[in-house]
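In: coordinates only, no sequence provided:
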């Protein structure tokens, strides 16, 4: 079902369970993501769905790895025992950089997200044992 991508940091597909009124533009711009060191690499066909907005509840199908060595650190299936992680965007259930990237995406979109440790990942503390300090994801 999911195609493997080389050095995938956070590969995800987004589906929506609850929607606020539709919006024609992203809440967070790709320019803002880039200024924070977040890379959003879209894959597949252009999505037709609405942009994700704060307080939307989304189902995220993801695999998280370390940038340096590709080591698996997390996935919806492995960590949560389900195909998708259900997240209310803006509730800080996931890393800040991940939430920001979601706000630049549309429903049913597929993307790879690269998160720098310094601003939007686990930073100097890391998340032992899987994520050492200052690890990009």
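Out: Cool, the structure landed. Not measured: the values here are computed from a predicted model.
In: isn't there a strand covering residue 78?
Out: No: applying DSSP: H, G, I helix; E, B strand; the rest coil, one finds residue 78 to be helix, outside a strand.
In: got the phi and psi for the closest residue to residue 39 other than its chain neighbours?
Out: Residue nearest to residue 39 in three dimensions, not counting chain neighbours: residue 114, with 3.9 Å by C-beta to C-beta, 6 or more residues apart in numbering. C-beta: built from backbone N, CA, C; applies to glycine. Dihedral pair for residue 114: phi -110, psi 120, per degrees, to the nearest 10.
In: and the strands in this protein?
Out: 10-18, 39-43, 57-65, 72-75, 85-88, 110-114 (DSSP state E).
In: can you list the weak-confidence ranges in this structure?
Out: 1-24, 79-81 (pLDDT under 70).
In: the residue most central in space within the chain and residue 55, how far apart?
Out: Central residue of the chain (C-alpha atoms, centre = their mean): residue 98, 4.0 Å from the mean position. Residue 98 sits at a distance of 16 Å from residue 55 (criterion: C-beta to C-beta, to the nearest Å).
In: of all the strands of the chain, which lies closest to residue 104?
Out: strand 39-43 (5.8 Å; C-beta to C-beta).
In: could you give me the buried positions within that closest one?
Out: 39-40 (16 or more other C-beta atoms under 10 Å).
In: how far off strand 110-114 does it point, in degrees?
Out: If you take axes from the mean of the first three to the mean of the last three C-alpha atoms, to 10 degrees, strand 39-43 sits at 160 degrees to strand 110-114.
In: output the contacting helices and strands for strand 39-43.
Out: Where contact means 3 or more C-beta pairs under 8 Å, 6 or more residues apart in numbering; DSSP states H and E, strand 39-43 is packed against helix 30-35, strand 110-114.
In: which of those sits most buried?
Out: Compared across the helices and strands packed on strand 39-43, strand 110-114 shows the largest average neighbour count, a mean of 21 (mean count of other C-beta atoms under 10 Å).
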